[in-house]
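Enquirer: Sequence and predicted structure are below.
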Amino acid sequence: MVNIDSVYQKVLALANKEQRGYITPQEFNLFANHAQMDIFEQYFYDLNQFDRSKENDLEYSGMMNVLEEKISVFEKFKVAMSAMSGNQATLPTDLYRLGTVFYGAAGYDVEVEKVGKKELEYMLRTSLAAPVDARPVYVRKSDTLLKIFPTSPSTSYSTSNITCNYIKKPTKVVWTYNVVAGNALYNSTAADAQNFELHASEETELVYKILELAGITLNKPGLVQLAGTEDMQKQQQEKQ
């Protein structure tokens, strides 16, 4: 986890260097959430790229382990659906990527297999292939809804017996503050205060991304140049 105040103070220090500009708490919170999602989504792009490099397995295995460690913070296991209506399940509200879906009946869980709509039509027309309690299936109706089959199992579907593994979205970050003598002072005890959920190693990357976003959005190109210079210095140090 990355402390949000640590990031904000570094962003302000770099932004104010040589009078480059001031980023308000409201602007910072907006940029911070954008930066966090950019970094988070890049994990999955990188995983996909490295996974394709089978011939370089030894070279990329370390990177894969690092990425998996960073993503593991967001993994959720056997979480109940947000709602059930008949055989329609509403997925958890913080879901980013769905993993395995389970149906719990008769004292044990069975995996609910994902099928396509055409495959489901075939299964429903064929008695031997038709979904049953011991071999349920689901189709993805939308980003938030699943349809589970058989439609009328022996134990009715409910939020207590339909669960899933998934990767959640990062929680929205909020730098909370009190105004004292006209200045915004960090208040870590506020009810809505929220640090970054990213791995601690991402702090520097967050600072650079927020500076870049601030420079573009606030029309302060100096901030972009400063962020780029700092990023280049970091890369050169890492190569030494």
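Expert: The structure has been received and is ready for your questions. Numbers count the residues shown, from 1 in each chain.
Enquirer: C-alpha only now, for contacts and for neighbours.
Expert: Fine.
Enquirer: Average pLDDT for stretch 214-230, rounded please.
Expert: For stretch 214-230, mean pLDDT is 64.
Enquirer: how far is the longest strand along the chain from where the chain is centred?
Expert: Counting residues, the longest strand in the chain under DSSP state E turns out to be strand 95-105. With C-alpha atoms, centre = their mean, to the nearest Å as the basis, strand 95-105 stands 16 Å off its chain's centre.
Enquirer: secondary structure element for residue 10?
Expert: Assigned by DSSP states H and E, residue 10 belongs to helix 4-16.
Enquirer: which helices and strands sit right next to that helix?
Expert: helix 203-217 (3 or more C-alpha pairs under 8 Å, 6 or more residues apart in numbering; DSSP states H and E).
Enquirer: burial of residue 27, as a residue count?
Expert: Close neighbours of residue 27, defined as other C-alpha atoms under 10 Å, add up to 15.
Enquirer: what about the residue nearest to it when sequence neighbours are not counted, neighbour count?
Expert: Excluding its sequence neighbours, the residue lying closest to residue 27 (C-alpha to C-alpha, 6 or more residues apart in numbering) is residue 214, at 7.8 Å. Neighbours of residue 214 under the rule other C-alpha under 10 Å: 25.
Enquirer: So residue 214 sits against residue 22, correct?
Expert: No. Between residue 214 and residue 22 there is no contact under C-alpha atoms under 8 Å: 9.4 Å.
Enquirer: Mind listing what's buried along the longest helix anywhere in the chain?
Expert: What stands out as the longest helix in the chain, according to DSSP state H, is helix 25-52. Across helix 25-52, burial judged by 16 or more other C-alpha atoms under 10 Å covers 25, 28-36, 40, 43, 47, 50.
Enquirer: residues in contact with the residue nearest the centre of the chain?
Expert: For the chain, the residue nearest the mean C-alpha position is residue 169 (3.0 Å; C-alpha atoms, centre = their mean). Each residue near residue 169 by C-alpha atoms under 8 Å, 6 or more residues apart in numbering is listed here: 74, 94, 95, 96.
Enquirer: Select only the buried ones of those residues in PyMOL?
Expert: To isolate the buried ones among these in PyMOL, judged by 16+ other C-alpha under 10 Å, type:
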select buried, resi 74+95+96
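Enquirer: Dump the contacts of residue 169 to CSV, plus distance to residue 156 and pLDDT.
Expert: Shown next, in CSV, are the contacts of residue 169 (distance: C-alpha to C-alpha, whole Å; pLDDT from 0 to 100):
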residue, distance to residue 156, pLDDT
74, 30, 97
94, 25, 96
95, 24, 97
96, 27, 97
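Enquirer: The helix holding residue 10 relative to helix 25-52, how many degrees between them?
Expert: Helix 4-16 runs at 100 degrees relative to helix 25-52, counting by axes from the mean of the first three to the mean of the last three C-alpha atoms, to 10 degrees.
Enquirer: tell me the average confidence for helix 4-16?
Expert: So the average pLDDT for helix 4-16 ends up being 90.
Enquirer: which residues touch stretch 176-186?
Expert: Against stretch 176-186 from outside (C-alpha under 8 Å, 6+ apart): 5, 25, 175, 187, 188, 190, 192, 193.
Enquirer: redo that, cut-off 7 Å
Expert: 187, 188, 190, 193 (C-alpha atoms under 7 Å, 6 or more residues apart in numbering).
Enquirer: Which positions within that stretch qualify as buried?
Expert: 176, 177, 186.
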